[in-house]
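Participant: turn this into a structure:
(4 chains)
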Protein chains: 2
Amino acid sequence: MVVYAGQGDPRRSIELLWRASVAEKRSGPKPGLSVDAIVDAAIAVADEHGMAFSMRAVGERLGRTAMALYTYVPGKNELVDLMYDRAMAELPTSYELDDGWRAAVTRWANDMWEFYGRHPWVLQVSQARPVLGPHEFAVIEALAAILVATGLPGRELRGIVGAVNYFVRGAAQTVAEARAAGGATGEADEEWWYARSAVLLEIEPDLEKKFPMLHLLENDREPIDPELPYLENDAVENFRGGLKVLLDGVEGAVAKP
Amino acid sequence: MVVYAGQGDPRRSIELLWRASVAEKRSGPKPGLSVDAIVDAAIAVADEHGMAFSMRAVGERLGRTAMALYTYVPGKNELVDLMYDRAMAELPTSYELDDGWRAAVTRWANDMWEFYGRHPWVLQVSQARPVLGPHEFAVIEALAAILVATGLPGRELRGIVGAVNYFVRGAAQTVAEARAAGGATGEADEEWWYARSAVLLEIEPDLEKKFPMLHLLENDREPIDPELPYLENDAVENFRGGLKVLLDGVEGAVAKP
DNA sequence: TTGCGACTCCTTACAACGTAAAGTAACCTT
DNA sequence: AAGGTTACTTTACGTTGTAAGGAGTCGCAA
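Facilitator: Below is the predicted model:
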């Protein structure tokens, strides 16, 4: 199931995200941790073990119990919000437009693609959560800034920003999750897919006749780059192809009106 | 976190999905349940209470304990697979091409959009799971069949199928989850968004200066249809706009090569 | 008719989870 | 030195998926 981010107390979440913590008069023992340290630890755990990280695991990595985290962070949902936004800080906040908006959007998309590869757990945080944190804003702002250069009105651009965003995310997810599925059992991509296809074909031998169009799509393949694993080939090719079509559409909108 | 479908024993999953259960010589008490009944009950629970349904809840709805389900279904993951595929049986498996592929794809997308609205929990099942079940296949086959009519080669169509699919899903998710978030606390969309924007603006008053491009996009609005809730307006507009651009791109590819 | 084995379904139990509650000890302020 | 505030721990509760074992039911062979 999806982690619903942005579900906690909105004020507290947003204060944490925007670091609006008022430095108050302090008393009592010195804090041994910090929100930053916790978020970093949580990201490290998630990078290693997937989104199914536990408060106990994060605490342990910091030499504390799970409950110690609750001094700094209201709950797991809010921690996920913070992780999400923090991770996005890795991404560029602006793109050169020298070689045109199309090249810039492509760079944005590639950066996102690689980012999702580095932090696959991000893909498991609800895709449609409201944009809450500063870095999240910055990432979308970067895309918006590029697209504004097309001269299209905001009304049209909103749909385009969404489309590009959804597409990149969806495409990245296809790789990330297949990779995770294979990785969990230690199988390589090929074996994982092979095991499933084999069973499927055994049980439903005339699969190709039942779904002729899919069969048609599947069999028109580029020569495979032996450097990359099976799945990567497919995914990268589809990513490039889909993005190309999408940007062709944007170009059409720019040229026409 | 995402429910990883397709994680269980592949043979057993696929046998269940394709109903390849061999009718064996039976002995022992008559089964009081069936896989179908369980899947139906699980879908009903998920429709009502979201993807965070429990085996106990499904059992209870059928007047059994949670463990009774394990006689029919190997585990929760496999049950989710079955629910997913069963739900997709609602969707059309082919589309008229009389008015052209573009209109047909639009119908496909609209059907998916409405489908996701009916069963928002489907969006919480991993978007990128391998296509496993017959109805899932049929849905993609339907889209593929339409797009094949463009005359584009399979190589190009694969990226397009992916793009359309990701886009529709992503767009639907934006509505579904905001709806769920509001619904959970009983807030209407407007209030929910308003609460967040208000806090954000209070904490970060010059938000609009920090993210001028987003501000620009946000403020170029169509007149709002007072019939629909706030969020619906936005989402539907972006959905239509994004799809239009995407299909323009496909049209470009058809015209050019 | 009488078992026997297969089968459904239940009870019990366990480990893992998020987190509430309450306690202990460290530290600043007065 | 006292008192209040804070960091962190321990313990505990309610939920979750599901393993293990047992009770009862039925078909079939002897």
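
Participant: show me where the stretch 151-257 of chain A has helices.
Facilitator: Assigned helices in the stretch 151-257 of chain A, in chain order: A:154-185, A:189-203, A:207-210, A:212-219, A:230-255 (criterion: DSSP state H, counting those that start in this stretch).

Participant: reformat those helices as JSON lines; add mean pLDDT, mean neighbour count and distance to A:Trp113.
Facilitator: Glycine gets a C-beta too; all of them are placed from N, C-alpha and C. Formatted as JSON lines, the entries for these read as follows, by pLDDT from 0 to 100; neighbours: other CB atoms under 10 Å in any protein chain shown; distance: least, CB to CB, whole Å:
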{"stretch": "helix A:154-185", "mean pLDDT": "83", "mean neighbour count": "22", "distance to A:Trp113": "5"}
{"stretch": "helix A:189-203", "mean pLDDT": "76", "mean neighbour count": "16", "distance to A:Trp113": "17"}
{"stretch": "helix A:207-210", "mean pLDDT": "92", "mean neighbour count": "13", "distance to A:Trp113": "31"}
{"stretch": "helix A:212-219", "mean pLDDT": "90", "mean neighbour count": "17", "distance to A:Trp113": "22"}
{"stretch": "helix A:230-255", "mean pLDDT": "88", "mean neighbour count": "20", "distance to A:Trp113": "7"}
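
Participant: TSV for those helices, including distance to B:Pro205?
Facilitator: As requested, the helices of the stretch 151-257 of chain A are exported to TSV (distance: least, CB to CB, whole Å):
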stretch	distance to B:Pro205
helix A:154-185	22
helix A:189-203	49
helix A:207-210	59
helix A:212-219	51
helix A:230-255	33
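
Participant: relative to DNA strand D, which of the ones you listed is closest?
Facilitator: Each of the helices of the stretch 151-257 of chain A has some distance to DNA strand D by CB to the nearest atom of the strand; the shortest is helix A:154-185, at 13.7 Å.

Participant: which elements pack onto the closest one?
Facilitator: Helices and strands in packing contact with helix A:154-185 are listed as helix A:100-118, helix A:134-148, helix A:189-203, helix A:230-255, helix B:154-185, helix B:212-219, helix B:230-255; criterion 3 or more CB pairs under 8 Å, 6 or more residues apart in numbering or on different chains; DSSP states H and E.

Participant: which one of the ones you listed lies closest to DNA strand C?
Facilitator: Here helix B:154-185 is closest among the helices and strands packed on helix A:154-185 (CB to the nearest atom of the strand), at 13.7 Å.

Participant: quick one, that closest one and helix B:134-148 angle?
Facilitator: 130 degrees (axes from the mean of the first three to the mean of the last three CA atoms, to 10 degrees).

Participant: is helix B:154-185 anywhere near DNA strand C?
Facilitator: No. Remark: helix B:154-185 sits outside contact range of DNA strand C, by CB under 7 Å from any atom of the strand, the gap being at least 13.7 Å.

Participant: quick check: angle from that helix to helix B:100-118?
Facilitator: Computed by the same axes, to 10 degrees, the angle between helix B:154-185 and helix B:100-118 is 30 degrees.

Participant: and the angle for helix B:154-185 with helix B:189-203?
Facilitator: Computed with the same axes, to 10 degrees, the direction of helix B:154-185 lies at 90 degrees from that of helix B:189-203.

Participant: got the contact list for A:Gln173?
Facilitator: A:116, A:123, B:126-128 (CB atoms under 8 Å, 6 or more residues apart in numbering or on different chains).

Participant: whichever of the residues you listed end up buried, select them in PyMOL.
Facilitator: Burial among the contacts of A:Gln173 is assessed by 16 or more other CB atoms under 10 Å in any protein chain shown; the matching PyMOL selection reads:
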select buried, (chain A and resi 116+123) or (chain B and resi 126+127+128)
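
Participant: what is the nearest of the contacts of A:Gln173 to DNA strand C?
Facilitator: DNA strand C lies nearest to A:Leu123 out of the contacts of A:Gln173, by CB to the nearest atom of the strand, at 18.0 Å.

Participant: hmm, A:Ala172 and that closest one touching each other?
Facilitator: Yes. With contact defined as CB atoms under 8 Å, A:Leu123 reaches A:Ala172; the gap is 6.4 Å.

Participant: so what sits against both of these two?
Facilitator: By the contact definition CB under 8 Å, 6+ apart, A:Leu123 and A:Ala172 are jointly contacted by A:Tyr116.

Participant: any chance of the helices and strands packed on helix A:154-185 in a markdown table, with distance to DNA strand D too?
Facilitator: Written out in a markdown table, the entries for those read as follows (distance: least, CB to the nearest atom of the strand, whole Å):
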| stretch | distance to DNA strand D |
| --- | --- |
| helix A:100-118 | 27 |
| helix A:134-148 | 24 |
| helix A:189-203 | 19 |
| helix A:230-255 | 26 |
| helix B:154-185 | 15 |
| helix B:212-219 | 35 |
| helix B:230-255 | 28 |
